[in-house]
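Q: Just to be clear, the model below is a prediction. Sequence and coordinates:
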Amino acid sequence: MAATSMKIIQNVLLPQCYQQNREFRPPCRRDFCAPYMRNSLPFQRGKLAWSGIPSMQLRTLPKYQIGYFTRRCIHCNASASTISVPPLEKVDFPRLQNGSDIRGVAVDGVEGEPVSLTEPVAEAIGAAFAAWLVDKKKAGDSRILRVSVGHDSRISAEILQDAISQGLAGAGLDVVQYGLASTPAMFNSTLSQDDGILCPVDGSIMITASHLPYNRNGFKFFTNDGGLGKPDIKDILERAADVYEKFTKEGLINSKGKASTSIKRADYMTVYASDLVQAVRKAAGNIEKPLEGFHIVVDAGNGAGGFFAAKVLEPLGAVTSGSQFLEPDGLFPNHIPNPEDKAAMQAITQAVLDNKADLGIIFDTDVDRSAAVDSTGKEFNRNHLIALMSAIVLEEHPGTTIVTDSVTSDGLTTFIEKKLGGRHHRFKRGYKNVIDEAIRLNSLGEESHLAIETSGHGALKENHWLDDGAYLMVKVLNKLASARASGMDGGSKVLTGLLEGLQEPAFSVELRLKINQNHPDLKGRSFREYGEAVLKNLENSISSNPRLQKAPVNYEGIRVSGYGGWFLLRLSLHDPVLPLNVEAPSKDDALKLGLSVLAAVNEFPGLDTSALNKFVQAQ
């Protein structure tokens, strides 16, 4: 592998976004760059440099930055009279945090959504991550840290890749650009041992906003310890805000050409895909083409997952004709690349049926989530995907604990515990919460090998607790291949059979009750405080209803059983919304549960209950 990999490394000059003759990129790029044109900022190769901060200004930097600048030998030749670049647009950096990710608006064009993730912002974030990484790794002056940068198919991806790379390079770090890549591959680049492709890297950045609309984008960060958590992102954004305020004209001049000498490119996705191929071959007893005779179609939703058909399935012998939307297109013209989306699942289901395929696989934009469809059109997503993965994992690790998010069904619990002999640990929403909980349980001596959210984020202990949609599908393919190798055949019926005994609710619904933050009833309280008050009132009302029973163990919101079903009302992790999930053996029973909730939340005029009102009135 190393011998061929050496040929795919090259130095790269970053594209010039701003030229004096103003030859801009295509219209979408031009809109993206518009905020800087209005400020008439001086650019060189699209770079707003920060590394030339005058020595006098260093005294005003936070302690961590002073150490960072001196330790990395940044050239600070500017005098105290350095002329500052005209003020940039104000940016509320904390608002860019979205849990353990950074997300913002990167492209103009949607009314009411001004651009917040600009090139200078991205460059400042790159510089901030560099400072954070140096502190984390405690690297000495003798070793230059290296960071990989990749992106999904979004139309703002390449510009942001160049901007954040410039921030990293301006900080004295080496940068390897992967171009179009998947989120799991970016993490894996911190683990791969291959000098030919400059691995392992010390840190990695994936440019993505998952399944959000075309105008959004963001960043995910990794070290070999895994994805960064909320406190890390908060730290990076605080550093970025400081860096952003100190861009200078002198720094721009001093940094000319610096980025081009420390940025390289590598085709890491070929290496990553090859590792997936080897994993399936190994599971099948080292058969070269264990999927020969299987017809498997892939729907990449025009995201980054198109590689899976040609670089994973075909080398394993599978026929992939009928695969669709493999070409990267950041406008997502066919459907939202989201395994939870009904239109997306209908698209892959139809492709399976039309092509008489054995299996269909669908990915989200950056391939950290996935779902599947069997030959009859049965969907393996949400609770079905959790049940399938639980069955596979519990065959390998009997009795292990399966960690899920809070909205999984009671029928799934029965299936995991009674049918499969495992333990179901229902935790909070948020893939990082679920993964961290599984890691915590293992640290306490409770064996857990799978952490999976209903959204399709699934992480395995054997895969470094990375939520990897491609690796989940490899586990599914392993089951098909190993079944055939042992003399069992029948296509995807092997998978369908694993779900035998899973109780499915006759009726389920999710409603979103929005909190009006401008309503006088909030009386200056935050939406979070108001939402907690709603939940407390619901909890009190439950105690007076003998038909309802609060869940004895619950980590998020209020979960209640009754009328043969259950409901969960919780506060969204990031938004002023109280999602309500209801499952019941009939719609009438679901309506009774809905009415119980409505009676308690009606006392809060700042809560929009129109969706719930409409539901309970639909009799």
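A: Right, received. Where do you want to start?

Q: so how far does stretch 286-295 reach from one end to the other?
A: For stretch 286-295, the separation between the terminal residues is 20 Å (C-alpha to C-alpha, to the nearest Å).

Q: now what about that stretch, what contacts it?
A: Outside stretch 286-295, the residues that touch it by C-beta atoms under 8 Å, 6 or more residues apart in numbering are 280-281, 283-284, 313, 315-322, 355-359, 477, 480-481, 484-485, 491. (C-beta placed from N, C-alpha, C; glycine too.)

Q: Can I get the helix of greatest length in the chain as CSV, trimmed to CA atoms?
A: Of all segments of type helix in the chain, defined using DSSP state H, the longest is helix 119-137. What follows is helix 119-137, C-alpha atoms only, in CSV (Å, rounded to 0.1, in the frame of the first residue of the first chain):
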residue,chain,number,x,y,z
GLU,A,119,-13.4,32.7,5.1
PRO,A,120,-11.8,34.9,7.8
VAL,A,121,-13.9,33.1,10.4
ALA,A,122,-12.8,29.7,9.1
GLU,A,123,-9.2,30.8,9.1
ALA,A,124,-9.4,32.0,12.7
ILE,A,125,-11.0,28.7,13.6
GLY,A,126,-8.1,26.9,11.9
ALA,A,127,-5.6,28.9,13.9
ALA,A,128,-7.5,28.3,17.1
PHE,A,129,-7.6,24.5,16.5
ALA,A,130,-3.8,24.7,15.9
ALA,A,131,-3.3,26.4,19.3
TRP,A,132,-5.6,23.9,21.0
LEU,A,133,-3.8,21.0,19.4
VAL,A,134,-0.4,22.2,20.4
ASP,A,135,-1.6,22.5,24.0
LYS,A,136,-3.2,19.1,23.8
LYS,A,137,-0.2,17.3,22.3
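
Q: which one is residue 616 nearest to, not counting chain neighbours?
A: Nearest residue to residue 616 in three dimensions, chain neighbours excluded: residue 594, at 4.7 Å (C-beta to C-beta, 6 or more residues apart in numbering).

Q: what's in contact with the helix or strand where the one you found lies?
A: Using DSSP states H and E, residue 594 sits in helix 587-601. With C-beta under 8 Å, 6+ apart as the test, helix 587-601 has contacts from 506-509, 513, 534, 537-538, 540-542, 545, 548, 560, 562-567, 569, 578, 580, 582-584, 607, 609, 612-613, 615-616, 619.

Q: pLDDT on stretch 353-364, on average?
A: What stretch 353-364 shows for mean pLDDT is 97.

Q: Can you give me the buried ones in that stretch?
A: Buried residues in stretch 353-364, counted by 16 or more other C-beta atoms under 10 Å: 355, 357-364.

Q: tell me which of these is nearest to residue 398?
A: Checking the buried residues of stretch 353-364 against residue 398 with C-beta to C-beta, the nearest one is residue 359 at 26.2 Å.

Q: my read: that closest one touches residue 375, true?
A: Yes - taking contacts as C-beta atoms under 8 Å, residue 359 lies within contact range of residue 375: 6.9 Å.

Q: what's the overlap in contacts for these two?
A: Each of 352, 491-492 lies in contact with both residue 359 and residue 375 under the rule C-beta under 8 Å, 6+ apart.

Q: For those residues, pick the one with the most neighbours.
A: Of all these, the highest neighbour tally under other C-beta atoms under 10 Å goes to residue 352, namely 26 neighbours.

Q: Which residues lie in contact with that residue in this structure?
A: So residue 352 contacts 297, 359-360, 373-375, 377 (C-beta under 8 Å, 6+ apart).

Q: repeat that for 7 Å
A: Taking C-beta atoms under 7 Å, 6 or more residues apart in numbering, we find residue 352 in contact with 297, 360, 373, 375, 377.

Q: Output those residues as TSV; include the columns secondary structure and distance to residue 306.
A: TSV is the format used below for those (DSSP: H, G, I helix; E, B strand; the rest coil; distance: C-beta to C-beta, whole Å):
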residue	secondary structure	distance to residue 306
297	strand	12
360	strand	15
373	strand	18
375	coil	22
377	coil	23
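
Q: Let's see the ChimeraX selection covering just the buried ones among those residues.
A: The command below creates a ChimeraX selection of those among the contacts of residue 352 that count as buried (16+ other C-beta under 10 Å):
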select :297,360,373,375
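
Q: Could you point out which of the contacts of residue 352 is nearest to residue 522?
A: For those, the nearest to residue 522 is residue 373 (44.4 Å; C-beta to C-beta).

Q: Show me the beta-bridge partners of the closest one.
A: In this structure, residue 373 bridges to residue 360, residue 379 when assessed by DSSP bridges.

Q: before we move on, back to that, list the buried ones in the helix holding residue 594?
A: Neighbour-count burial for helix 587-601 flags 587, 589-594, 596-598, 600-601 (criterion: 16+ other C-beta under 10 Å).

Q: Let me know the closest of those residues to residue 89.
A: Checking those against residue 89 with C-beta to C-beta, the nearest one is residue 601 at 39.8 Å.

Q: would JSON lines of the buried residues of stretch 353-364 with distance to residue 232 be doable?
A: Listed next are the buried residues of stretch 353-364 as JSON lines, based on distance: C-beta to C-beta, whole Å:
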{"residue": "355", "distance to residue 232": "44"}
{"residue": "357", "distance to residue 232": "42"}
{"residue": "358", "distance to residue 232": "42"}
{"residue": "359", "distance to residue 232": "38"}
{"residue": "360", "distance to residue 232": "37"}
{"residue": "361", "distance to residue 232": "32"}
{"residue": "362", "distance to residue 232": "31"}
{"residue": "363", "distance to residue 232": "26"}
{"residue": "364", "distance to residue 232": "23"}
